[in-house]
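K.L.:
how would this look folded up:
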Amino acid sequence: MLRDLLSDSNPMVVANAVAALSEIAEQSPQTKVFDLTGPTINKLLTALNECT
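P.N.:
This next block holds a predicted model:
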């Protein structure tokens, strides 16, 4: 569910999803939380640009 929010049109939703997934990744390092493909990275960078 959180991974789906990485594609949301609202950049604040994306930022909150990234924050939540980051906390999960810190607590469970063996779990692959992020699937950092080219399209995913592009979406994250676009959301970051819209938040600033």
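
K.L.:
and whichever helix or strand residue 48 is part of, which residues are buried?
P.N.:
For residue 48, the host element (DSSP states H and E) is helix 38-51. By 16 or more other CB atoms under 10 Å, the buried positions in helix 38-51 come out as 43-44, 47. For every residue, glycine as well, the C-beta is placed using N, CA and C.

K.L.:
what is the burial count for residue 5?
P.N.:
16 (other CB atoms under 10 Å).

K.L.:
ok, now which ones touch it?
P.N.:
Shown in contact with residue 5 (CB atoms under 8 Å, 6 or more residues apart in numbering): 13-14, 16-17.

K.L.:
kindly export stretch 5-15 (C-alpha atoms) in CSV.
P.N.:
Taking Å, rounded to 0.1, in the frame of the first residue of the first chain, the C-alpha atoms of stretch 5-15 are listed here in CSV:
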residue,chain,number,x,y,z
LEU,A,5,1.6,6.0,-2.6
LEU,A,6,5.0,6.7,-4.2
SER,A,7,3.0,7.2,-7.5
ASP,A,8,0.5,9.6,-6.0
SER,A,9,-0.1,12.9,-7.7
ASN,A,10,0.2,14.9,-4.5
PRO,A,11,3.9,15.4,-3.6
MET,A,12,3.2,15.6,0.1
VAL,A,13,1.7,12.2,0.0
VAL,A,14,4.8,10.9,-1.8
ALA,A,15,7.0,12.6,0.8
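
K.L.:
in it, what's buried?
P.N.:
5-6, 11, 14-15.

K.L.:
need those residues in a markdown table with pLDDT, can you?
P.N.:
As requested, the buried residues of stretch 5-15 are arranged in a markdown table below (pLDDT from 0 to 100):
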| residue | pLDDT |
| --- | --- |
| 5 | 90 |
| 6 | 86 |
| 11 | 86 |
| 14 | 87 |
| 15 | 87 |
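
K.L.:
what is the nearest of those to residue 22?
P.N.:
Checking the buried residues of stretch 5-15 against residue 22 with CB to CB, the nearest one is residue 15 at 10.6 Å.

K.L.:
I'd say that closest one and residue 47 touch.
P.N.:
Yes - counting by CB atoms under 8 Å, residue 15 touches residue 47, with 6.5 Å between them.
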